[in-house]
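Asker: coordinates only, sequence not included:
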């Protein structure tokens, strides 16, 4: 009797487990359908990251990534919303379902790829050192004994840590909520240099006309991708397929020329 009961219980457990697996697989595969049912594509971003995503003079969130994402949402047949998030907690914001993706100069790293579903790189970038033009600093070696500013939660920290000689030479690292705050502190002498994305650095210097310069040496070369939940590769693939369509029909090129004056997209 015990053997019969045991066999029945084991069969029931196997059936239940199989049902769970089938249900989860269905949920994963329905990520695009679920998005369309919700009706809004929510992009998580740091809204002080020009020219990819930032606040305009009238407080509207604009930028290169925003224009791309708006068109993607349109072609998916849903509305679009840009949702500012704490960049330090970006992965948590994604996993809790508050946003559908992280799309805002989000550097692809091996660690992040283990946790998220990433698209291919749509832009290339370098981590560079920005200093005051009159500082006398012309090389990374000139930062010996000096103070460096970095945005908290950014890949700039990894770039500094991975460059052993540079990391050992500086006296202190100061963390900031965003790059704009870091550059403002650089302007008043609070730090001697800021390590940040070249895309953002060059745009900010051109727009603000502040007396900064970018050191020629790069600390790291990287690619920007769009991060989705690990369980939703179908949504990632759908978005990437639309971006490739946009590249083929000239939309990506037009948006790139609008923000950068030339096509710097790496989408093929």
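Answerer: Great, that's in hand. Computed from a predicted model, the values in this text were never measured in an experiment. Numbering: from 1, shown residues only.
Asker: Which elements pack onto the lengthiest strand in the chain?
Answerer: Ranked by residue count, the top strand of the chain under DSSP state E comes out as strand 212-229. On a contact count with 3 or more CB pairs under 8 Å, 6 or more residues apart in numbering; DSSP states H and E, strand 212-229 meets helix 90-95, strand 101-107, strand 116-118, strand 123-132, helix 155-162, helix 179-187, helix 198-208, helix 233-248. For glycine as for every other residue, the C-beta is placed from the backbone atoms N, C-alpha and C.
Asker: Tell me which of these lies nearest to residue 149.
Answerer: The minimum distance between residue 149 and the helices and strands packed on strand 212-229 falls on helix 179-187, with 4.1 Å, by CB to CB.
Asker: Distance check, residue 209 against residue 99.
Answerer: Distance, residue 209 to residue 99, using CB to CB, to the nearest Å: 34 Å.
Asker: Out of those two, name the residue with the larger neighbour count.
Answerer: Taking neighbours as other CB atoms under 10 Å, residue 209 and residue 99 compare with residue 99 leading, 24 against 8.
Asker: give the contact list for the more buried one.
Answerer: Taking CB atoms under 8 Å, 6 or more residues apart in numbering, we find residue 99 in contact with 42-44, 83, 85, 93.
Asker: moving C-terminal of the worst-scoring helix or strand of the chain on mean pLDDT, what's the next helix or strand?
Answerer: Every helix and strand of the chain was ranked by mean pLDDT, DSSP states H and E. The lowest is helix 2-29, at a mean of 39. Per DSSP states H and E, the first helix or strand lying C-terminal to helix 2-29 is helix 31-38.
Asker: Pull out the buried residues from that following helix.
Answerer: Neighbour-count burial for helix 31-38 flags 31-32, 35 (criterion: 16 or more other CB atoms under 10 Å).
Asker: Pull up the gap between residue 149 and residue 44, please.
Answerer: Here the criterion is CB to CB. By it, residue 149 lies 24 Å from residue 44.
Asker: And residue 33, by the same measure?
Answerer: For residue 33, the distance to residue 44 - CB to CB - is 21 Å.
Asker: What of residue 154?
Answerer: 15 Å.
Asker: With respect to burial, which of the helices and strands packed on strand 212-229 scores highest?
Answerer: Scoring the helices and strands packed on strand 212-229 by mean neighbour count under mean count of other CB atoms under 10 Å gives strand 101-107 as the most buried, with a mean of 25.
Asker: neighbouring strands for that one, and are they parallel or not?
Answerer: strand 40-45 (parallel), strand 212-229 (antiparallel) (DSSP bridges).
Asker: out of the ones you listed, deepest packed?
Answerer: Ranked by mean neighbour count, the strands paired with strand 101-107 are led by strand 40-45 with a mean of 23 (mean count of other CB under 10 Å).
Asker: mind listing what residue 80 touches?
Answerer: Applying CB under 8 Å, 6+ apart, the residues contacting residue 80 are 40-41, 43, 69-70, 73-74.
Asker: Now with 7 Å, please.
Answerer: 41, 69-70, 73 (CB atoms under 7 Å, 6 or more residues apart in numbering).
Asker: Out of these, which two are the most distant from each other?
Answerer: 41 and 70 (9.0 Å).
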